[in-house]
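Student: Predicted model and sequence below, questions to follow.
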Protein chains: 2
Amino acid sequence: KHVGILAVEVYFPRAYVAQAALEEHVGVPQGKYTIGLGQQGLAVTGDAEDVNSLCLTVVHSLLEKYNIDPALVGRLEVGTETLVDKSKSTKTLLMDLFPNNTDIEGATIINACYGGTAALLNAFLWVESDGWDGRYAIVVAADIAAYARGPARPTSGAGAVAILVGRDAPLSFDPRTRATHAANVWDFYKPDHTVEYPTVDGALSQVCYYQALEDVYTRFTEKVTLRDGATHGGRQFTAESPDYLVFHAPYNKLVQKSYARLFLMDARAQYARHSAEEKKDESTSADQDEPDPLAPWLDVPIADTYNDRALDAVLKKRAATSLQARLADANVASQLVGNTYTASVFLGLASLLDQAGTRDELTPGKNIVLFSYGSGALATMYRLTSQFTVKSMATTMNLSERLASREMVHPGELDYALETRARMHRAGAPYSPVYPTVGRLFPGTYYLNGIDALFRRTYSR
Amino acid sequence: KHVGILAVEVYFPRAYVAQAALEEHVGVPQGKYTIGLGQQGLAVTGDAEDVNSLCLTVVHSLLEKYNIDPALVGRLEVGTETLVDKSKSTKTLLMDLFPNNTDIEGATIINACYGGTAALLNAFLWVESDGWDGRYAIVVAADIAAYARGPARPTSGAGAVAILVGRDAPLSFDPRTRATHAANVWDFYKPDHTVEYPTVDGALSQVCYYQALEDVYTRFTEKVTLRDGATHGGRQFTAESPDYLVFHAPYNKLVQKSYARLFLMDARAQYARHSAEEKKDESTSADQDEPDPLAPWLDVPIADTYNDRALDAVLKKRAATSLQARLADANVASQLVGNTYTASVFLGLASLLDQAGTRDELTPGKNIVLFSYGSGALATMYRLTSQFTVKSMATTMNLSERLASREMVHPGELDYALETRARMHRAGAPYSPVYPTVGRLFPGTYYLNGIDALFRRTYSR
């Protein structure tokens, strides 16, 4: 069936702040955001955009660029955590883009940054299913990451990605090699009705991200090793097996550290297998020549490895070349745009398609391993395989050029933009946005026209 | 594969108010709620229960009653519109019921009252799919319907339903005979962050419900007629074709009127076919003896039929017998419990299983047509078929007996309970519930223990 991804479209605001300029503006040491977080830029949006406008923009653009007849869409699903309504879903708003076609399944999914992945997996299932009616599915992930003043604010961002799903896809999904991690943790959540901002425990979030990665990676490697066994001579799947990887990216430094941890996972798994063999046959135990720099961490409790700077240094060195080869392409866009929550892992995929796709390196048979994480927590690792060239997808997206065409604004603009959002959140109804649209948005961007006395939102373009 | 429903469990609060007593208490004419809305009782809950506690209760109970090993569950999905968090999903909270099993897909879906149906359709797709790992899916729908003082308050309610999904099910789903309606309308939504209550346009909601029903019924009848053609000699599907029907039930009167409208749809469709045939062969036009009482409404614009009392009276008479035979069983529980939003259509199914199942009338081959509606709007009509006896499901649910064992409380309790909820909504954190739990909840009910200073919610049982 080759169910998978037929096309990808990306939207991000036209205005951005450079992280280096933000460091200076805020008065933190140089490198705190650029090296400490690994970020270069941050998309800025005020009260003239909301999750509905973001989704309208990116879906409209997907339909237009790929010349898709709205009648040929049978499923539309949204992932977001920037809700403007607890009941009316963003999916219903998007129905305005499908005139005379009411026959579209799918709703809105929430689970922190994971909602888009849940929607994508559902879309794959739908296209694969017996009752499929032959039409496309569209999955949209969109968020505005807005934080209160303080250390988290430089991890703000905004963006949306729309994905077209169908059969005979250039990027096909393998349903038998996915692994999921779900747990009840309070690392990042949005319980306070009076503000848009999340309640965050940054240190806990990092540990939860690591734990989810460990859990899915362990089961994913087992499944892939088993599945590819026949074709690859039973070779063990490792951090260097995939051609490319895409990670959910709250900030680039976390992606770097997390990917490096896979080398620890590999070493520990090999050590465990070796120990098991040793017990069977003592004679095989002395064939290691060089001392393994990871030796001190091969059998300590895993929890003791989360905040070990010496280990971090060893892993960083160990992973550097592979990180550059396998993850750098995916991280380009998110380093420039910032955190986009549900859209983040898809923005990473778009970035990879743009970079490696344009160089025509994503040739048939190349595989991509994706890791999606949502706080709370829910995570999935899965695999896509390139079936034929994705170069046309990359060309149509035109991502690099659009990123380069953004307008760099003064770092003070970030505070102003987020203040307009905070005021909107408190204002009730009616409300008219004050953040500029003319000259500030890319042509064709939907924006919030206003909220009437009955809280009904209308959009212009 | 016979993918479908293996088991159903229901939860509703132990305290309820009689609608007749409420009429007297509020000072409205006798019959306004009992006949005007068609409701008999209304489940009452205060600030000691929230959507998470409702889901914990009903999933725990499902696992316990059916003796399901939590390790054998591979998917868990929640539908709700009573969100307590914009990011952290209720699904993650439920992971506490699955110790040592993190390998569970699924998130939380919102689309007004439709979220549970979206989750159920996803679960069916998952169990049917190539990558299915053989484990169960659980779908939970839970809501607390709370309205501001005024005419909508008697349509409050609270409840939760958990559904176990797998293969070789007693109630199997036919993926090829479903129809969906999606549109962007503002009939019911929850945009106001300062209150729990929805913004409602009751008159518009009724029209949107009718329109969704028309749209899905038209396409559903086409599909069923085509699909059953070979086995049933191409007989046209009508409102009297299904053995049973289950409708989303905001209040019973709307279900009565909506089902009756299917007879208008049937008559108009027959009239249209007849007119088309007449054009082909004029001679077949004079074979109608009795005048059709629906004649005045067969070719008027459909919008003119929504608020026509003369038509309502004709349809009521026409549908009465079939309504009693096909829908009465499904409506028993919701008339006693009130609106349960996402859980409503599933509560209807549970009620049908309880009533007809206990009488052993849901024999193999019997079919059930379900209509799920969520404001905003999204609706689906689909069909389940009984494969073997559902009597044991009915016995295990024990629904009638549990409904009869509730405690009737003074109608003033409704205002008090909802005031505690309104106060909690305004209070921020930390917060301790004040609504009584001891003696007021069924044994085994989870309740909100408290909200700490960081807005983290904990639950006791």
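Tutor: Okay, I see it. Residues are numbered from 1 along each chain as shown, chains lettered A, B, ... in the order given.
Student: secondary structure class for the closest residue to chain B within the stretch 301-450 of chain A?
Tutor: Nearest residue of the stretch 301-450 of chain A to chain B, counting by CB to the nearest CB: A:G376, 4.0 Å away. Backbone N, C-alpha and C define where each C-beta goes, glycine included. When classified by DSSP: H, G, I helix; E, B strand; the rest coil, A:G376 comes out as coil.
Student: Just give the closest residue to A:V73, not the sequence neighbours.
Tutor: A:Y136 (5.0 Å; CB to CB, 6 or more residues apart in numbering or on different chains).
Student: Same check on A:V207?
Tutor: Here the residue nearest A:V207, using CB to CB, 6+ apart, is A:Y306, at 5.3 Å.
Student: What are the neighbouring residues in contact with that neighbour?
Tutor: A:206-207, A:210 (CB atoms under 8 Å, 6 or more residues apart in numbering or on different chains).
Student: Pull out the buried members of the residues you listed.
Tutor: A:206, A:210 (16 or more other CB atoms under 10 Å in any protein chain shown).
Student: what's the residue nearest to A:V207 sitting at in phi/psi?
Tutor: phi -70, psi -30 (degrees, to the nearest 10).
Student: Over to A:E407?
Tutor: phi -100, psi 120.
Student: for A:D187, same thing?
Tutor: Dihedral angles for A:D187 - degrees, to the nearest 10 - are phi -90, psi -30.
Student: The residue of the stretch 301-450 of chain A closest to chain B: how many residues sit nearby?
Tutor: Residue crowding around A:G376 was assessed by other CB atoms under 10 Å in any protein chain shown; the count is 32.
Student: Go ahead and confirm A:G115 touches A:L83.
Tutor: No - counting by CB atoms under 8 Å, A:G115 sits too far from A:L83 to count as a contact (10.1 Å).
Student: helix, strand or coil for the residue of the stretch 201-350 of chain A found nearest chain B?
Tutor: Nearest residue of the stretch 201-350 of chain A to chain B (CB to the nearest CB) works out as A:D215 at 5.5 Å. Recorded secondary structure, A:D215: helix (three-state DSSP).
Student: Provide a list of residues in contact with the residue nearest to A:V73.
Tutor: A:6, A:68, A:72-75, A:164-166.
Student: what's the distance between it and A:N101?
Tutor: 11 Å (CB to CB, to the nearest Å).
Student: Could you name every residue contacting both of the two?
Tutor: A:V73.
Student: excluding its backbone neighbours, what's nearest A:R135?
Tutor: Counting by CB to CB, 6+ apart, A:R135 lies nearest to A:G74, which is 3.2 Å off, once chain neighbours are set aside.
Student: Am I right that that neighbour sits in a strand?
Tutor: Yes - using three-state DSSP, the assignment for A:G74 is a strand.
Student: what about A:V127, neighbour count?
Tutor: 25.
Student: no no, A:D130
Tutor: A:D130: 12 neighbours (other CB under 10 Å).
Student: re earlier: got the contact list for the residue nearest to A:R135?
Tutor: So A:G74 contacts A:103-105, A:133-137 (CB under 8 Å, 6+ apart).
Student: Nearest to A:L298 among those residues?
Tutor: Closest to A:L298 out of the contacts of A:G74 is A:A137 (44.2 Å), distances taken as CB to CB.
Student: OK, contacts around the closest one?
Tutor: A:73-77, A:106, A:123, A:126-127, A:164-166.
Student: next one: stretch A:292-299 to chain centre, how far?
Tutor: Its chain's average C-alpha position is 31 Å from that of stretch A:292-299, according to CA atoms, centre = their mean, to the nearest Å.
Student: circling back to that earlier point, got the confidence number for the residue nearest to A:R135?
Tutor: The model reports A:G74 with a pLDDT of 98.
Student: Also A:G234?
Tutor: pLDDT, A:G234: 66.
Student: can you check the one 5 residues further on too?
Tutor: What the model reports for A:A239 is a pLDDT of 97.
Student: is it true that it lies in a strand?
Tutor: No - residue state for A:A239 (three-state DSSP) corresponds to coil; a strand is not indicated.
Student: so who does the closest residue to it other than its chain neighbours touch?
Tutor: Closest residue to A:A239 apart from its sequence neighbours, by CB to CB, 6+ apart: A:L262 at 3.7 Å. Listed by CB under 8 Å, 6+ apart, the contact partners of A:L262 are A:213, A:217, A:238-239, A:319.
Student: Fine by me, thanks again.
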